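# Kindly generate the corresponding structure for this input.
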Amino acid sequence: MNEIIANDDRVPADPAPVIAVSELADSCVNFVVRTWVNATDYWNVYFDTHEQVKLRFDEVGISILYPQTDVHIHRVEAS
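This is a model prediction of the structure:
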């Protein structure tokens, strides 16, 4: 994540970006990435950063967990 942010010309080096673990959740580790950007660049940086993190995680074999529910259906025969 540091590399992705450092390589984005829209994100200034000063003040320094913050990348931290924000939560150790039930089945995952949540990170927060906070940077300063020009207001006009905010949403583009936001979406581009998400995409780049996902692509980089895929490259290095880090999978993103999603909530999963297993449903089991049992048939009861009427008598």
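
# Let me see the residues that make contact with the lowest-mean-pLDDT helix or strand in the chain.
Least confident helix or strand of the chain, by mean pLDDT, DSSP states H and E, is strand 29-34 with a mean of 92. For strand 29-34, contacts defined as C-beta atoms under 8 Å, 6 or more residues apart in numbering pick out 1, 5, 17-24, 49, 53. All C-beta atoms are positioned from the backbone trio N, CA, C, and that covers glycine.

# Can you tell me which of the residues you listed has the most neighbours?
I5 (21 neighbours; other C-beta atoms under 10 Å).

# and that one, what does it touch?
Contacts for I5 (C-beta under 8 Å, 6+ apart) come out as 11, 17, 19, 33, 35, 49.

# just to revisit the earlier point, just the ones of the contacts of strand 29-34 in helices?
Mapping the contacts of strand 29-34 onto helices (DSSP state H) picks out 5, 49, 53.

# Apart from its neighbours in sequence, what residue is nearest the first one?
Nearest-residue entry for I5: P17, 4.9 Å, with adjacent residues in sequence omitted and distances by C-beta to C-beta, 6 or more residues apart in numbering.
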